[in-house]
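Asker: Sharing a model that was predicted from the sequence below.
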Amino acid sequence: MNVCHMASVHPGLTLAVAAASHGALPCAASGQRKFYTVEASQLEPVFNEFLEHLYQSDDDQGTAAAAAGAAVPPQEPGLGGVTGTGSVVTGGYRGGMADVWHKHNAIFVLNPSKVRVNPDGPPEAASHQPPDFIQLWKHGSYDQAKLSDEEAGYVYRYQYNGAGEASIWHSSRNYLVVDLSAGPSTYGPLVSQGGAVTPQALPSIRDTYQELLTQLQNTEHQQTVQEFAQETAQHGIITLLAGRLAAVLTAGVKATFIPDMSTQHIEQAKTVLVPLVVLSDHTPSETIQMTQENYWGINVTHVEAALAHLLAEGQEAIVITAHHELHKHKQLAAALHKATRSHSEAVVDIPDGKDYSGHDMGIHTNVQTFVDAEVLLEEFEISADMLTHGLVTVAHVMGKENEHHIAQLRHEGTRVLPVFVLALENHPEDCVLSNRQLMAADDDSVIVLQLRHGSKWGGPDDFFTGHMANGRRVVVDGSQSTRHVIAGLAQSLAGIVPPYQHFESRLDRVENDWRWAAGATPFGPYSNYEGVSEIMQNAARRNQLLAHVGAALRQLQHQLDAVDAFVDHHFRGPWEPAGLKDAKRHWLDTVASTRHGYNTTLSPDVVFRLESSLANISNLLEDLAMDMFTHDFKKADGTVGQQLLPAVASLCTELDQQLDAAEEVMQCCRLGTVSLVSQAFMLIVACAGAAAVFFMLVGVALCARYAKRKAVKNISLPTFGLPMYSGKSGTWSL
């Protein structure tokens with residue numbers, strides 16, 4: 001991020017702002033205050049020149065080429081050139097621009113003197129220098145009227161291609177402009193105030209001075225008090241202005257240069273086929289000629305140029321157009337009717353919603369008709385094969401089979417992303433999708449609403465977006481759908497989210513911040529840009545790389561979890577003291593960072609090889625982060641495709657093989673371990689058991705012997721009548 005003082009680095013930039021302000025259009029007047037709008041797209045060439053001047057030391061090659069008179073192909077701002085009708089678009093095209101300052105993200109913070117840039121000011125105002133109000137107060141000559149004179153009695157705001165009234169705008173290149181002197185501006189949704197822009201959305205130097213000097217005026221003019229007041233003023237400037245400005249710039253960086261991703265599953269197809277299908281509920285006028293630049297209100301040339309920016313190098317895109325009458329597809333017509341709903345909300349408005357003079361302002365009921373985007377997308381995806389089948393066959397003739405369905409083409413390296421444009425003339429007015437937009441997209445298709453109610457009555461197709469801007473309703477031409485088609489393709493192909501949307505993890509939901517909705521972006525009601533800026537192009541390339549790397553790392557994570565589960569199952573005892581149960585660490589990390597004397601069926605050589613592979617992947621990720629930071633996406637592609645992904649795949653394969661071999665070894669038994677106390681206790685128990693058995697056996701033997709002797713003593717033998725052998729009883733006694 002680069003912060004520069006434009007007056008000292010490039011004074012011509014201040015003069016350009018003044019020139020643009022002199023060419024501003026007066027839009028309204030309130031008492032003695034005038035309102036002007038400045039066309040921001042006219043300032044872009046000056047900002048581009050300034051960035052080239054700033055990074056001139058890195059532009060030796062580009063300067064040499066310019067000095068040699070090298071031809072540069074003509075280029076429309078932000079579109080990267082125009083492709084011919086029916087041509088195949090190749091991804092990664094930058095239109096011949098020198099790759100110098102495009103490697104850097106920049107935010108311009110402007111604070112021009114409104115007296116100097118006053119469109120109606122006298123000639124001598126061009127050399128006006130704002131006074132130092134702190135010094136005036138120090139000398140006791142401060143007058144609050146002088147501070148009000150710096151406002152010059154007017155307010156100016158920026159618009160881009162005729163849309164928006166803001167103080168912040170996106171350029172078609174890779175920088176953001178924040179003007180602290182512009183505004184104040186108030187805009188946002190009429191129904192919900194979430195993310196609405198108020199006059200306090202940007203810090204104001206005038207308001208900061210006014211608050212500080214009002215406090216200082218009440219201070220007695222004593223030396224010690226004066227010094228204390230000066231310290232208070234300096235501290236106030238830092239906390240009130242610099243702190244708020246830092247917060248604004250931080251939010252701008254997150255919204256513009258490191259935005260969220262709408263999906264983590266981005267396909268890397270060699271060919272992207274975009275069937276542009278228009279479904280109308282009316283018959284177009286015979287006087288309207290369908291051309292490449294105006295096909296049912298869609299500039300197909302701009303769509304092709306936008307695809308060239310969204311795709312990576314080596315990818316190509318084909319756009320095919322077709323028209324169907326909606327009533328001939330009963331399933332789709334029924335789906336549209338089923339998805340149409342109405343909703344009433346209480347809003348602060350006037351009854352007729354047309355004259356905002358302040359009369360009858362109050363809380364009124366606003367009935368909104370909308371189409372459930374999820375239901376419509378589901379129904380159209382079911383019928384996508386039928387609607388695009390003929391287009392797919394024409395655009396992808398392979399000669400092997402007569403039919404090529406979308407699912408089959410996806411397996412063959414071709415991604416089919418149909419865009420359905422619903423040209424509605426007989427639908428309820430001011431009808432929007434459930435996301436309060438005219439576009440909805442998912443991974444498989446894009447749906448765009450094209451409202452032509454005005455054409456039915458011979459008037460303009462103005463459509464109320466549900467947003468307010470500085471006390472006026474924001475209306476757009478509902479029949480022009482080019483930028484909505486481009487926005488849908490950007491979201492489906494590259495996972496780009498609108499710059500005014502971000503996921504708030506604390507609330508677990510998507511939040512809106514409409515400060516970043518104006519300028520060169522196809523999203524939102526405050527823009528009128530039919531193209532892909534360099535900011536979006538960089539985001540698209542970043543998202544594609546992150547999606548592929550993320551998928552590979554998730555597979556590696558799965559394999560490492562399998563290793564942890566194996567070690568935990570078979571070697572839980574030995575490795576438990578080494579921190580095996582730490583949920584934030586893998587077993588391989590524990591092996592690498594812990595001195596231990598334990599072994600597993602994974603030999604030390606295998607463990608060392610796996611650890612080395614993990615370290616190599618970590619180094620490659622660091623290289624990738626640096627390549628993405630400098631926008632060197634060509635080198636990043638090489639790092640990912642030629643080094644990182646093969647390294648992850650090789651490591652996953654080796655982990656799987658080693659686990660299979662270890663499981664075979666462990667099938668015979670299960671290892672375990674006990675402590676010394678447990679071993680001693682078990683020995684004592686075993687000895688006691690053996691002694692008990694021994695004494696029991698001895699006892700049994702003695703008992704048997706005693707019983708035997710007793711039985712022998714009681715045996716009597718016959719004497720056969722011989723007196724010499726007979727005792728007293730006449731029997732033998734043993």
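Answerer: Arrived safely, thanks for sending.
Asker: What ranges in the stretch 351-500 of the chain fall below the confidence cut-off?
Answerer: Per-residue confidence for the stretch 351-500 of the chain (pLDDT under 70) gives these ranges: 351-364, 384-412, 454-459.
Asker: Please enumerate the strands of it.
Answerer: 362-371, 414-416, 419-424, 432-433, 439-441, 446-451, 462-469, 472-477 (DSSP state E, counting those that start in this stretch).
Asker: In a markdown table: these, plus distance to residue 106 and mean neighbour count.
Answerer: From N, CA and C alone the C-beta is placed, and that goes for glycine too. A markdown table is the format used below for the strands of the stretch 351-500 of the chain (distance: least, Cβ to Cβ, whole Å; neighbours: other Cβ atoms under 10 Å):
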| stretch | distance to residue 106 | mean neighbour count |
| --- | --- | --- |
| strand 362-371 | 39 | 15 |
| strand 414-416 | 34 | 23 |
| strand 419-424 | 33 | 25 |
| strand 432-433 | 35 | 20 |
| strand 439-441 | 29 | 25 |
| strand 446-451 | 32 | 25 |
| strand 462-469 | 27 | 20 |
| strand 472-477 | 29 | 17 |
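Asker: Could you dump the ones you listed into a markdown table with distance to residue 44 added?
Answerer: Formatted as a markdown table, the strands of the stretch 351-500 of the chain follow (distance: least, Cβ to Cβ, whole Å):
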| stretch | distance to residue 44 |
| --- | --- |
| strand 362-371 | 36 |
| strand 414-416 | 33 |
| strand 419-424 | 29 |
| strand 432-433 | 31 |
| strand 439-441 | 26 |
| strand 446-451 | 28 |
| strand 462-469 | 22 |
| strand 472-477 | 22 |
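Asker: Quick one: closest of these to residue 211.
Answerer: Minimum separation from residue 211 across those (Cβ to Cβ) falls at strand 462-469, 27.3 Å.
Asker: Packing partners of that closest one?
Answerer: Counting by 3 or more Cβ pairs under 8 Å, 6 or more residues apart in numbering; DSSP states H and E, the packing neighbours recorded for strand 462-469 are strand 187-189, strand 472-477.
Asker: For residue 663, the count of nearby residues, please.
Answerer: 13 (other Cβ atoms under 10 Å).
Asker: repeat for residue 703
Answerer: Residue 703 has 10 neighbouring residues, counting by other Cβ under 10 Å.
Asker: CSV for the helices and strands packed on strand 462-469, including distance to residue 50?
Answerer: Listed next are the helices and strands packed on strand 462-469 as CSV, based on distance: least, Cβ to Cβ, whole Å:
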stretch, distance to residue 50
strand 187-189, 28
strand 472-477, 31
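Asker: Which one of the ones you listed lies nearest to residue 708?
Answerer: Residue 708 lies closest to strand 187-189 among the helices and strands packed on strand 462-469, at 107.7 Å (Cβ to Cβ).
Asker: Pull the residues that contact the closest one.
Answerer: 165-166, 195-197, 436, 466-470, 474, 512, 514, 526 (Cβ atoms under 8 Å, 6 or more residues apart in numbering).
Asker: one more time with 6 Å, if that's ok
Answerer: 196, 197, 466, 467, 469, 514 (Cβ atoms under 6 Å, 6 or more residues apart in numbering).
Asker: how about these, which pair is most distant?
Answerer: Put simply, by Cβ to Cβ the two of the contacts of strand 187-189 set farthest apart are 197 and 466, 15.2 Å from each other.
Asker: quick one: contacts for residue 552?
Answerer: 645, 648.
Asker: in the helix or strand containing it, what counts as buried?
Answerer: Using DSSP states H and E, residue 552 maps to helix 534-570. For helix 534-570, a neighbour-count test (16 or more other Cβ atoms under 10 Å) marks 534-549, 551-552, 556, 559-560, 563-564, 566-567, 570 as buried.
Asker: now do stretch 186-193
Answerer: Under the neighbour-count criterion of 16+ other Cβ under 10 Å, stretch 186-193 has 186, 187, 188, 189, 190, 191 buried.
Asker: got the phi/psi numbers for the fifth one?
Answerer: Put plainly, it is residue 190. The phi/psi pair for residue 190 (degrees, to the nearest 10) reads phi -70, psi -40.
Asker: thinking again about what came up before, ok, so of the contacts of strand 187-189, who is nearest residue 340?
Answerer: In terms of Cβ to Cβ, no member of the contacts of strand 187-189 lies closer to residue 340 than residue 466, at 16.8 Å.
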